[in-house]
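**Student:** only geometry, no sequence info:
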């Protein structure tokens, strides 16, 4: 429970973003260190993501990286946001999470999604093209059943009989699918807050209890940035927004670059539109401004949890933002009372 925000949980999704001049191995090591700090600051979960052949993202093997994060921490829940089922056989996915849960019992989450490779070449390298909805439903069913009793005489040891909470990342019809499968919903305001709220309302209205979920559970994902001024916080969002615009217009997701370079870069009309869209709906500003914006978002969505996925060029500023958010929401006070010691400031 967090002070000032009721029972709403706060968690982190880190995509192991690569900055200019940084190696991919260094970005992965930074993710592990970030997870250690997130635990120290009192965050509920720390999730990692799956991307393939992306220059600006080092996280390509989420279950492997989740194992490294789990080994470096002791209390925080770890998981994936998410493993993309079209890229894997359901048996292998169940086995991997079964191994994680066996090694780190009671701390593992299985976040699942349906995104495929960013380009045709990546999709071919992964052995598939875009997967239709019916096939994804089959994959999801298979994964869940491997944890229960197996399928057609095949058993996903050591997963069978273990309980690993499953979450569904919402893309397209994802909200309705999460309701049908009785799974917690992870959703971002990619198409705007209004459409996100509509999807959440459909999810709650159509939710069917299953062994995987007795009632709806909504995780709202988005960037949250706290700085000394509104302008400083806004500048911290620019590198990720420019990466999105660059990727959508050039077909390659680049490394993060300093905001000053972005401010002086001329953009085409299409780049500017994508850039502005990428900045929309993110929460940023001073602590007071962010507190008000978070309260409004939670009131509007009824979110059970906020999953923060902030990426910036300035590593120290990002860590400081997450530490301030932990203090603002009361996580830091609770963490200090549990551990009986003062937590570290951002490095």
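**Tutor:** Nice, I can see it. The structure presented is a predicted model; accordingly, all values stated were derived computationally and were not measured. Numbers count the residues shown, from 1 in each chain.
**Student:** contacts and neighbour counts: CA atoms only from here.
**Tutor:** OK.
**Student:** Low-confidence ranges, the stretch 101-250 of the chain, go.
**Tutor:** Within the stretch 101-250 of the chain, the ranges that satisfy pLDDT under 70 run 117-120, 128-134, 172, 190-191.
**Student:** Give me the buried positions along the biggest helix by length in the chain.
**Tutor:** Using DSSP state H, we find that the single longest helix of the chain is helix 230-250. For helix 230-250, the neighbour count (16 or more other CA atoms under 10 Å) marks 230, 232-247 as buried.
**Student:** ok, now stretch 316-328?
**Tutor:** Applying a neighbour-count criterion of 16+ other CA under 10 Å, one finds 317, 318, 319, 320, 321, 322, 323, 324, 325, 326, 327, 328 buried in stretch 316-328.
**Student:** Same check on stretch 189-208?
**Tutor:** Neighbour counts over stretch 189-208 (16+ other CA under 10 Å) mark 189-190, 193, 196-197, 199-201, 203-204, 206-208 as buried.
**Student:** right, and out of these, which lies closest to residue 126?
**Tutor:** Among the buried residues of stretch 189-208, residue 190 lies closest to residue 126 (CA to CA), at 25.5 Å.
**Student:** Would you mind giving both backbone torsions of the nearest residue to residue 230 once chain neighbours are set aside?
**Tutor:** Across the structure, with CA to CA, 6 or more residues apart in numbering as the measure, the residue nearest residue 230 apart from its sequence neighbours is residue 285 (4.0 Å). Taking degrees, to the nearest 10, you get phi 140, psi -160 for the backbone angles of residue 285.
**Student:** and residue 285, what pLDDT?
**Tutor:** Listed pLDDT for residue 285 reads 97.
**Student:** before we move on, what about the one 5 residues further on?
**Tutor:** Looking at residue 290, its pLDDT is 97.
**Student:** what's the answer for residue 260, then?
**Tutor:** Note on residue 260: pLDDT of 95.
**Student:** Packing partners of the helix or strand harbouring it?
**Tutor:** Assignment of secondary structure by DSSP states H and E places residue 260 within helix 259-263. Using 3 or more CA pairs under 8 Å, 6 or more residues apart in numbering; DSSP states H and E, the elements in contact with helix 259-263 are helix 230-250.
**Student:** Going by contacts, tell me the helices and strands next to the helix it packs on.
**Tutor:** Contacts defined by 3+ CA pairs under 8 Å, 6+ apart place helix 230-250 against strand 224-226, helix 259-263, helix 269-279, strand 283-285.
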